[in-house]
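J.: kindly generate the corresponding structure for this input.
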Amino acid sequence: MDQSHQPVIALLPWGDVIEDYLDSIDISMESFCAEMTGGWLFGYVEALKLVGVRTVIICMSRHVEKTTRRSHHPSGSTILILPTSYAYKISRRLIKYADSTSQSSFLTRGLRHPFIQLLLKGVETYSATPVRLLKQAIEQENCQAILCQEYEYPRFDACILVGKWLELPVYASFQGGNFQANRMEGMIRPRTIQSCAGLIVATETEIRRVRETYGLAPEKIVKIFNPLDLNLWKAVDSPDRLNQLRHQTRRELGIPVEATLVMCHGRIDVYRKGLDILMEAWGRVCNNLAEQPYLLIVGTGDDANALQAIIDEQALQNIIWINKYILDRDLMIRYLLAADIYTLSSRHEGFPVAPLEAMACGLPIIATEVPGIPDILDKHEESGGIRVPCKNAAQLALAIECLVEDKDLRQQMGQWARQRVESHFSLLSVGQQLKAFMLAERT
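T.: Now for the predicted structure:
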């Protein structure tokens, strides 16, 4: 379809500024534009592209002085980078000054008062979105709808205002944000939720919470899963080629070819991702099993030092950690294909994509029952995985031990896992659902 005749949706990622996310995984804006794929954002971009919908990604940044136009090379989507407002810059400087100075002047004592801190933080978060520049950008790109990553975040409230100005529908998805950080949100959010055109929520628990908290009409909530490119995330068809890749990758990582390999990947956030629970479980597994499995961790984040400290303090063995964010999806797939089992130990998730990537590569998964997992593994083992209680290292260890010791079961579950993602998480299926929900009356 000619791009000039395609409907256009503005996509706005979560966070005050894009650097809040990129800095935490040590990725530059250049790499974001040139190489980054996957996740909620680019999954939606690719899914909508398949059904003839063009997307414009709009980010806020501390490092630009005017609206800057870029292109996302892998997808061809436009990226607009907007500068933050003066109010954001001033409130941020005041917060940093109060945190960094050791002086005890009248000014610093006032800035450190809990009420002033809450007020400044609220102003900082709300003013991170320059609403007039956002309105201009959406108008100039001729967008037919606005889609925010999270509705429980001030950017969603700002988008509702822009949507009213432009008479455009505003939608938002749920990717994990289910709380309000300040009182301003508590006063504003019930009204903006009621004003939105609709919410995209993949988990039944969150659908219930939104209905009970905001009394939102059922027709304004649609259950759509996050998409996955199943042409990219898949196992190798040839058994000989698969074995060759597995052996080569394991040799490169220093992992014995015959060992059972457990894997996890993603941002290193010890509490949210439950990595302390995983480490405790891993210690139990290594103590209980005669056959010593290996654990491959792929990813980095602000808690990298904290995770290393846990590994050192517990003297954990057989752990290979690739402490960086992997932009090369072919390399990440190689790591997944080298593994036998995938685990997710999170305390909190919105709708996790990482286990879907593992399932698409034919891995059985062991995951804590955070939001999203009961929806993914609705039939437990027959969906391709084992669900364990959150924050329970003993149960997590038992599940890992079960699959380490039963090769036939894990291979069968790996087949079920691939079937599950093929039937419910393809780009085309999700793209069709998104287009029907957001653009049915406009195309």
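
J.: buried residues in the longest helix seen in the chain?
T.: Longest among the helix segments of the chain by residue count, using DSSP state H, is helix 407-424. Burial within helix 407-424, assessed by neighbour count using 16 or more other CB atoms under 10 Å, is assigned to Arg410, Met413, Gly414, Trp416, Ala417, Arg418, Arg420, Val421, His424. Bear in mind the C-beta positions are built from the backbone N, C-alpha and C, glycine included.

J.: same question, stretch 264-273
T.: In stretch 264-273, counting by 16+ other CB under 10 Å, buried: Cys264, His265, Gly266, Arg267, Ile268, Asp269, Val270, Arg272, Lys273.

J.: and which of these is nearest Phe174?
T.: Arg272 (15.7 Å; CB to CB).

J.: output the buried residues of helix 407-424 as a markdown table; include the columns distance to Ile320 and pLDDT.
T.: Below are these laid out as a markdown table (distance: CB to CB, whole Å; pLDDT from 0 to 100):
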| residue | distance to Ile320 | pLDDT |
| --- | --- | --- |
| Arg410 | 20 | 95 |
| Met413 | 23 | 97 |
| Gly414 | 21 | 96 |
| Trp416 | 27 | 96 |
| Ala417 | 23 | 96 |
| Arg418 | 25 | 94 |
| Arg420 | 28 | 94 |
| Val421 | 26 | 93 |
| His424 | 32 | 88 |
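
J.: would you list those in CSV and tack on distance to Thr300?
T.: Below are the buried residues of helix 407-424 laid out as CSV (distance: CB to CB, whole Å):
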residue, distance to Thr300
Arg410, 28
Met413, 29
Gly414, 27
Trp416, 31
Ala417, 26
Arg418, 28
Arg420, 29
Val421, 26
His424, 30
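
J.: ok so, going back, alpha carbons of the longest helix of the chain, as PDB, please.
T.: In PDB, the C-alpha atoms belonging to helix 407-424 read as follows (Å, rounded to 0.1, in the frame of the first residue of the first chain):
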ATOM      1  CA  LYS A 407      14.700 -35.200  29.000                       C
ATOM      2  CA  ASP A 408      11.600 -36.700  27.300                       C
ATOM      3  CA  LEU A 409       9.200 -34.400  29.300                       C
ATOM      4  CA  ARG A 410      11.200 -31.200  28.500                       C
ATOM      5  CA  GLN A 411      11.300 -32.100  24.800                       C
ATOM      6  CA  GLN A 412       7.500 -32.700  24.700                       C
ATOM      7  CA  MET A 413       6.900 -29.500  26.500                       C
ATOM      8  CA  GLY A 414       9.100 -27.700  24.100                       C
ATOM      9  CA  GLN A 415       6.900 -28.800  21.200                       C
ATOM     10  CA  TRP A 416       3.800 -27.700  23.100                       C
ATOM     11  CA  ALA A 417       5.400 -24.300  23.700                       C
ATOM     12  CA  ARG A 418       6.100 -23.700  20.000                       C
ATOM     13  CA  GLN A 419       2.500 -24.700  19.200                       C
ATOM     14  CA  ARG A 420       1.200 -22.300  21.800                       C
ATOM     15  CA  VAL A 421       2.900 -19.200  20.400                       C
ATOM     16  CA  GLU A 422       2.100 -20.200  16.800                       C
ATOM     17  CA  SER A 423      -1.600 -20.200  17.600                       C
ATOM     18  CA  HIS A 424      -1.900 -17.000  19.700                       C
END
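
J.: output the contacting helices and strands for it.
T.: Counting contacts by 3 or more CB pairs under 8 Å, 6 or more residues apart in numbering; DSSP states H and E, helix 407-424 is packed against helix 354-360, strand 385-388, helix 393-405.

J.: in a markdown table, list these along with mean neighbour count and mean pLDDT.
T.: Shown next, in a markdown table, are the helices and strands packed on helix 407-424 (neighbours: other CB atoms under 10 Å; pLDDT from 0 to 100):
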| stretch | mean neighbour count | mean pLDDT |
| --- | --- | --- |
| helix 354-360 | 27 | 94 |
| strand 385-388 | 25 | 98 |
| helix 393-405 | 20 | 97 |
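
J.: export the ones you listed to a markdown table and tack on distance to Lys96?
T.: Formatted as a markdown table, those follow (distance: least, CB to CB, whole Å):
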| stretch | distance to Lys96 |
| --- | --- |
| helix 354-360 | 33 |
| strand 385-388 | 41 |
| helix 393-405 | 38 |
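
J.: which one of those lies closest to Ala306?
T.: Closest to Ala306 of the helices and strands packed on helix 407-424 is helix 393-405 (CB to CB; 17.1 Å).

J.: helix or strand: which one has the closest residue to Gly15 other than its chain neighbours?
T.: If the residues on either side of it in the chain are set aside, Gly15 comes closest to Tyr21, at 5.4 Å by CB to CB, 6 or more residues apart in numbering. Using DSSP states H and E, Tyr21 maps to helix 18-22.

J.: tell me which residues in whichever helix or strand comes after that helix are buried?
T.: Sequence-wise, the next helix or strand downstream of helix 18-22 (DSSP H and E) is helix 29-34. For helix 29-34, burial by neighbour count (16+ other CB under 10 Å) applies to Met29, Phe32, Cys33.

J.: what's the local residue count around Arg69?
T.: Using other CB atoms under 10 Å, Arg69 is surrounded by 12 other residues.

J.: hang on, I meant Arg251
T.: Arg251 - counted by other CB under 10 Å - has 12 other residues nearby.

J.: cool, the one 5 residues further on as well?
T.: The number of residues packed near Pro256 is 12, by other CB under 10 Å.

J.: helix, strand or coil for it?
T.: At Pro256 the chain is in coil, as set by DSSP: H, G, I helix; E, B strand; the rest coil.

J.: isn't Leu261 right up against Ile297?
T.: No - between Leu261 and Ile297 there is no contact under CB atoms under 8 Å: 11.4 Å.

J.: more neighbours: which of those two?
T.: Leu261 (25 against 22).

J.: what pairs with that one across the strands?
T.: Tyr294 (DSSP bridges).

J.: residue contacts, it?
T.: Leu261 is in contact with Arg250, Ile255, Pro293, Tyr294, Leu295, Leu296, Ala338, Ala339, Asp340, Ile341, counting by CB atoms under 8 Å, 6 or more residues apart in numbering.
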